[in-house]
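J.: Got a predicted structure plus its sequence, pasted below:
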Amino acid sequence: MLQKNDYRKLMSACLLSVLGSLICSAPLFAIAQEYHPPKRGTPGRREGAGTRGTCLRGPKLLMPLTPIDSFSTTASNSPTFFWYVPKTAAQTAEFALLDENDRTLYKTIVNLPGTPGVLSVTLPASVTTSVLTVGKDFYWQLSILCDPNQPSINPFVEGVVQRLKPTAALTSQLKKASLHDRSALYASNGIWQDAIATLAQERCAKPQDQRVATSWVRLLQSVQLEDYAQDPLMQSCPAKATQK
């Protein structure tokens, strides 16, 4: 027959075993869907473009969905960039990728639906592999073409992106993870572009999934973009994030 002390020890051991099992089996999204920035010098601050005096309308600014310091990384062969675009009379926007000397490496015109929401542009794999050198900073800019003949009056936002090669450990984790957990892995390892692109892909595919919606809100909250977390994705689902 168990003594009182022995019984308490047995119950404690059982409780610890159960808790340990729950923690070990918890999915990544339940642990954290939050962005942890990489350690590096701050290149600047994220800034939105105002609506006053432009063809943009609405209470919210044209805003890049990027980390606060406007710097992001990607491990994808086809990274996708995201912005909130207010209601606008403009029919098109221009996305440009530039090097450190402001030379244009890639440029494309994007059709605008006119209604407010989240716009995205996916960089072609051919451009990524031939232009985005690993470990080097590149600059992007999105301009709303209020007047194509007067570029100086067109509102724009910009940022910095760097392509990196994930560690062997992260690559192994990504191969084993589900699509949802993969986004959490990217975010916790400071790979913003792939984190938001992977989660946007799942959000498009599962618009009624509350778990996905909550993760989207948490991810944007982690970079102080909670004001844009409820806005719709205006386009069809972006290209699938590359599985590493």
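T.: Cool, got the structure.
J.: Please work out how many residues are found near Met234.
T.: Neighbours of Met234 under the rule other CB atoms under 10 Å: 16. For glycine as for every other residue, the C-beta is placed from the backbone atoms N, C-alpha and C.
J.: So it sits against Val110, correct?
T.: No - in this structure Met234 lies outside contact range of Val110 using CB atoms under 8 Å: 10.5 Å.
J.: residues shared between the contacts of these two?
T.: By CB atoms under 8 Å, 6 or more residues apart in numbering, Met234 and Val110 have these common neighbours: Leu119.
J.: who are the neighbours in contact with the spatially most central residue of the chain?
T.: Closest to where the C-alpha atoms of the chain average out (CA atoms, centre = their mean) is Ile196, at 2.6 Å. Contact partners of Ile196, counting by CB under 8 Å, 6+ apart, are Leu65, Thr80, Phe82, Ser183, Leu219.
J.: Mind pulling the model confidence for the second one?
T.: The model reports Thr80 with a pLDDT of 95.
J.: For it, the count of nearby residues, please.
T.: Neighbours of Thr80 under the rule other CB under 10 Å: 21.
J.: That one pairs with what?
T.: Note on Thr80: beta-bridge partners by DSSP bridges are Thr122.
J.: I figured it hits Thr198, correct?
T.: No - the criterion here is CB under 8 Å, and Thr80 misses it with Thr198 at 9.3 Å.
J.: which residues of this protein score low on pLDDT?
T.: Residue ranges of the chain with pLDDT under 70: 1-32, 41-43, 235-244.
J.: re the thing from before, could you list which of the contacts of Ile196 belong to strands?
T.: Using DSSP state E, the subset of these located in strands is Thr80, Phe82.
J.: Tell me where the chain has helices.
T.: Ranges of helices in the chain, per DSSP state H, are 4-25, 28-31, 125-131, 168-176, 179-188, 192-205, 210-221.
J.: Mind giving me the packing neighbours of the fourth one?
T.: For helix 168-176, the contact count by 3 or more CB pairs under 8 Å, 6 or more residues apart in numbering; DSSP states H and E identifies helix 179-188 as packing neighbours.
J.: now the angle between helix 210-221 and the helix it packs on, please.
T.: Angle of helix 179-188 versus helix 210-221, following axes from the mean of the first three to the mean of the last three CA atoms, to 10 degrees, is 10 degrees.
J.: what's helix 179-188 packed up against?
T.: Looks like helix 179-188 contacts helix 28-31, helix 168-176, helix 192-205, helix 210-221 (3+ CB pairs under 8 Å, 6+ apart).
J.: can you state the direction angle for it and helix 192-205?
T.: Using the same axes, to 10 degrees: helix 179-188 against helix 192-205 is 150 degrees.
J.: Please give the centre-to-centre distance between helix 179-188 and its chain.
T.: Helix 179-188 sits 11 Å away from the centroid of its parent chain (CA atoms, centre = their mean, to the nearest Å).
J.: swap in stretch 58-76?
T.: 8 Å.
J.: likewise stretch 216-225?
T.: Between the centre of stretch 216-225 and the centre of its chain there are 9 Å (CA atoms, centre = their mean).
J.: Touching it from outside, list them.
T.: Outside stretch 216-225, the residues within contact range by CB under 8 Å, 6+ apart are 33-35, 63, 65-68, 183, 187, 192, 195-196, 199-200, 203, 226, 228-230.
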